[in-house]
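*Asks:* With the sequence up front, the predicted model follows.
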Amino acid sequence: MQRTIRLTPDKVQKFVNVTSRCDFDIDIFYNRYIVDAKSFLGVYGLDFSRPLTVSYQGYNAELEELLKQYAIAS
């Protein structure tokens, strides 16, 4: 599953905390950069001025709620 979100530097800690509690892999990427969404330094190093795509295979209610909050309106 893929979701497009917008992050800000102050939201990174909460995002990483939630993804770290998931028992499946989660990647976050834009253009050619792909990082592990459970890595604080990896996520913090991304360009927050761009929409970011979160890719994962699994379900976690807390993650789904967080992604809904950070989603970009289509």
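*Replies:* Happy to help now that I have it.
*Asks:* Could you write out the alpha-carbon coordinates of stretch 24-32 in PDB?
*Replies:* What follows is stretch 24-32, C-alpha atoms only, in PDB (Å, rounded to 0.1, in the frame of the first residue of the first chain):
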ATOM      1  CA  PHE A  24       6.400  -5.000   9.000                       C
ATOM      2  CA  ASP A  25       8.700  -3.000   6.800                       C
ATOM      3  CA  ILE A  26       7.800   0.600   6.000                       C
ATOM      4  CA  ASP A  27       9.700   2.800   3.500                       C
ATOM      5  CA  ILE A  28       9.400   6.500   2.800                       C
ATOM      6  CA  PHE A  29      10.600   8.000  -0.400                       C
ATOM      7  CA  TYR A  30      10.500  10.700  -3.000                       C
ATOM      8  CA  ASN A  31      12.300  10.900  -6.300                       C
ATOM      9  CA  ARG A  32      15.200   8.400  -6.100                       C
END
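*Asks:* show me the contacts for the nearest residue to Ile5 once chain neighbours are set aside.
*Replies:* Closest residue in space to Ile5, ignoring its immediate chain neighbours: Tyr70 at 4.0 Å, by C-beta to C-beta, 6 or more residues apart in numbering. Just so you know, the C-beta spots here come from the backbone N, C-alpha and C atoms, and that holds for glycine as well. Residues in contact with Tyr70, defined by C-beta atoms under 8 Å, 6 or more residues apart in numbering, are 5-7, 11, 15.
*Asks:* mind running it again at 10 Å?
*Replies:* The contact partners of Tyr70, taken as C-beta atoms under 10 Å, 6 or more residues apart in numbering, are 3-8, 11, 14-15, 52, 54.
*Asks:* Now intersect these with the strands, please.
*Replies:* 3-5, 52, 54 (DSSP state E).
*Asks:* Among those residues, which one lies nearest to Lys38?
*Replies:* When the ones in strands among the contacts of Tyr70 are compared for distance to Lys38 (C-beta to C-beta), Val54 comes out closest, at 11.6 Å.
*Asks:* That closest one reaches Ile28, doesn't it?
*Replies:* Yes. Counting by C-beta atoms under 10 Å, Ile28 is a contact partner of Val54 at 5.1 Å.
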